[in-house]
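Novice: I need the structure of the sequence given here:
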Amino acid sequence: MTNAAFDLFLPEILTTSVVFASPHSGRDYSDSFLNESILDRRTIRSSEDAFVGELFASAPGHGAPLLVARAPRAYVDLNRSPDELDPAVVDGLSRVSHNPRVASGLGVIPRVVANGRAIYRGKLPLAEARQRLEDSWHPYHDCLAELLAGARRSFGEAILIDCHSMPREAVTCISRSGARRPDVVLGDRFGASAGVAVTDRIEEILKAAGLTVARNTPFAGAFVTQHYGRPLRGQHAVQLEIDRSLYMDEARIEPRSDFAEFQALIAGVAAELAEIGRAARPLAAE
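Specialist: This next block holds a predicted model:
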């Protein structure tokens, strides 16, 4: 299923309560958006989780849906609350929330891309910001909410794997402390967005695939895990951040020559993750 805001890839038969989603890998950079920006076509992509949708493309083959955003993160950030509007980039705001993400330029309508590079020369009209939310933010989250509700109806639980990528430099703080640099960082908001057993099993699967895993440092999860993670109600949300340097040239934003090999490794991980959601048997029809 293709929508202006997202691509939804559904399995022939839904066999698991696991839902895969990629909110930051959208790359529909319209000419109108590019004309508004002062950045070149490569720089504006620096915040994009490039190729994450492709990495998890096998998920429907394992009985799980895959939701992939089409709108770029630089255009609208689907991992932010819709009220996280930045007065430094959106004109006409009457109320401003004191939020560190907004203050740093990373609100729902971002002011900057990676390394603090400004996207615009001036401000956007409030009406345009609201239209972006209407066209991109709300359709994506309406679809994601329905996928999770459908999993709970069918299996009595839902497990969201919120798929992301991170710059290699993002985990230098960990390697400097003497620990091995992680390939993957799992974020469950320190247990608030997912049951311990669920996150433990995800970590075991990643380690069995030969990947080094850290938890909640430096990424514990943002809006998606906070909003959808309700473990006491049987709805779990775990953010999964993969080191981009493992599969792409970060400077050129191009897949590495061995991309297919890493994609196959992630396909194996996705198959095992889908198995977590088969522990609960499908509910009988009423």
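Novice: Give me the pLDDT value at the closest residue to G191 other than its chain neighbours.
Specialist: Spatially, and ignoring its direct neighbours in sequence, G191 is nearest to T199 (7.5 Å; Cβ to Cβ, 6 or more residues apart in numbering). For every residue, glycine as well, the C-beta is placed using N, CA and C. Note on T199: pLDDT of 98.
Novice: Which helix or strand contains T199?
Specialist: Counting by DSSP states H and E, the element that carries T199 is helix 196-208.
Novice: try L186
Specialist: Using DSSP H and E, L186 maps to strand 184-187.
Novice: and that strand, what other elements does it pack with?
Specialist: On a contact count with 3 or more Cβ pairs under 8 Å, 6 or more residues apart in numbering; DSSP states H and E, strand 184-187 meets helix 196-208, strand 213-215, strand 235-243.
Novice: Need the CA coordinates for that strand. CSV is fine.
Specialist: Only the C-alpha atoms of strand 184-187 are listed here, as CSV (Å, rounded to 0.1, in the frame of the first residue of the first chain):
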residue,chain,number,x,y,z
VAL,A,184,23.3,-1.2,17.7
VAL,A,185,21.8,0.9,20.4
LEU,A,186,18.4,-0.3,21.8
GLY,A,187,16.2,2.3,23.4
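Novice: partners of that strand in the sheet?
Specialist: Here strand 184-187 has these sheet partners by DSSP bridges: strand 213-215 (parallel), strand 235-243 (antiparallel).
Novice: and the angle for the last one with helix 196-208?
Specialist: Compare the direction of strand 235-243 with that of helix 196-208 by axes from the mean of the first three to the mean of the last three Cα atoms, to 10 degrees and you get 30 degrees.
Novice: In the stretch 51-200 of the chain, where is pLDDT below threshold?
Specialist: 95-97, 173-179 (pLDDT under 70).
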